[in-house]
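[1] Give me a 3D structure for the following:
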Amino acid sequence: MVTQMLEGKKVAILVETEFIPEEIAAYQQHFEELGATVHFMSRLWGNETVQFVSDVDEIGKSLQYLDVNIDFQSVDVNEYAAVIMAANYTSVRLRYFQPPPGQQISPEQTRTAPAVQFFAQAMANHKIIKGLLCHGLWLLTPMPELLRGRKVICHEVVLADIANAGAVYVPPPVNSQPNDPGNIVVDRDLVTGRAGHDVYAFIDAIAHQIVSQEQRCLETQRR
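    The predicted structure is shown next:
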């Protein structure tokens, strides 16, 4: 029986097109089993609702759709116990920023993407547990200082980028299977997972860190 260890907690999950349906379903099911309220959010571009389309990673697989009606630019990140960047290419899409027309693009401008700024705010609050799965760490690479010295794991295609940002890559166990705990790396308030098929181990690690973080805060208050 699953305990309601996250009762009263809110979890923010950033999504975009090319999401993994099984991952999204896992967040909906498992976090809610643990008692948390899940808010899927994205950049809505002034719309009340945006419909996103799933990734198709094999021939004959049907598209699935996800309607999102929360713009992360309109919420207070500090109200959430955890903020998660979903897997696959959703993070690449959310790195989009609008450069001034007709001007040379500078590396500094890449830091202005709203989703990058939102996650940077979460990173600045150590009470919030940050979760980035699979390709999710791409969202942080415009601000390498957020990754410098942090222990992480990710999909191999992201490895060059996080290494260039100064992160410390922790390899998975040899011949690891989906949801192997070794496919998850916890560095204080930062939880990373190797691939989308590790989502249940990823959720469990985030839940454990939320509870541990709350206990540490209570102990600090008693001193």
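[2] is it fair to say residue 61 lies in a helix?
    No. Using DSSP: H, G, I helix; E, B strand; the rest coil, the assignment for residue 61 is coil, not a helix.
[3] Report the separation between it and residue 55.
    The spacing between residue 61 and residue 55, counted by CB to CB, to the nearest Å, is 9 Å. In this view, the C-beta of every residue, glycine as well, is placed from N, C-alpha and C.
[4] and the two? which has more neighbours close in?
    For residue 61 versus residue 55, neighbours defined as other CB atoms under 10 Å are more numerous around residue 55 (19 against 11).
[5] Output the lowest mean pLDDT helix or strand found in the chain.
    Across the helices and strands of the chain, mean confidence by mean pLDDT, DSSP states H and E is lowest for helix 199-222: a mean of 88.
[6] Not counting it itself, show me its contacts.
    5-6, 9, 11, 22-23, 26-27, 30-31, 34, 36, 81-82, 84, 87, 127, 129, 131, 133, 179-181, 183-184, 186, 189, 191, 193 (CB atoms under 8 Å, 6 or more residues apart in numbering).
[7] Could you rerun that using 7 Å?
    With contact meaning CB atoms under 7 Å, 6 or more residues apart in numbering, helix 199-222 is reached by 5-6, 9, 23, 26-27, 30-31, 34, 81-82, 127, 129, 131, 133, 179-181, 183-184, 186, 189, 191, 193.
[8] Report the buried members of these.
    Restricting the contacts of helix 199-222 to buried positions leaves 6, 9, 23, 26-27, 30-31, 34, 81-82, 129, 131, 133, 179, 183-184, 186, 189, 191, 193, with burial counted as 16 or more other CB atoms under 10 Å.
[9] Just the ones of the residues you listed in strands?
    82, 129, 131, 133, 184, 186, 191, 193 (DSSP state E).
[10] if we can go back for a sec, tilt between the least confident helix or strand of the chain and strand 129-133?
    160 degrees (axes from the mean of the first three to the mean of the last three CA atoms, to 10 degrees).
[11] Just the buried positions in helix 199-222, please.
    Buried residues in helix 199-222, counted by 16+ other CB under 10 Å: 199, 201-207, 209-211, 213.
[12] Tabulate these (CSV), appending distance to residue 159.
    Shown next, in CSV, are those (distance: CB to CB, whole Å):
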residue, distance to residue 159
199, 20
201, 20
202, 18
203, 23
204, 24
205, 20
206, 22
207, 27
209, 24
210, 28
211, 31
213, 28
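[13] Pick out the residue nearest the middle of the protein.
    Nearest to the mean C-alpha position of the chain, counting by CA atoms, centre = their mean, stands residue 85 at 1.9 Å.
[14] how far does stretch 35-43 sit from the chain's center?
    11 Å (CA atoms, centre = their mean, to the nearest Å).
[15] Ignore what I typed, I meant stretch 200-211.
    Distance of stretch 200-211 from its chain centroid, counting by CA atoms, centre = their mean, is 13 Å.
[16] Using PDB, write down the CA coordinates of that stretch.
    Output of stretch 200-211 as PDB, limited to C-alpha atoms (Å, rounded to 0.1, in the frame of the first residue of the first chain):
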ATOM      1  CA  TYR A 200       9.300   5.500 -11.200                       C
ATOM      2  CA  ALA A 201      12.700   5.300  -9.400                       C
ATOM      3  CA  PHE A 202      13.100   9.100 -10.200                       C
ATOM      4  CA  ILE A 203       9.700   9.900  -8.600                       C
ATOM      5  CA  ASP A 204      10.500   7.800  -5.500                       C
ATOM      6  CA  ALA A 205      13.900   9.600  -5.100                       C
ATOM      7  CA  ILE A 206      12.200  13.000  -5.400                       C
ATOM      8  CA  ALA A 207       9.500  12.100  -2.900                       C
ATOM      9  CA  HIS A 208      12.200  10.900  -0.500                       C
ATOM     10  CA  GLN A 209      14.100  14.200  -0.900                       C
ATOM     11  CA  ILE A 210      11.000  16.200  -0.300                       C
ATOM     12  CA  VAL A 211      10.300  14.500   3.000                       C
END
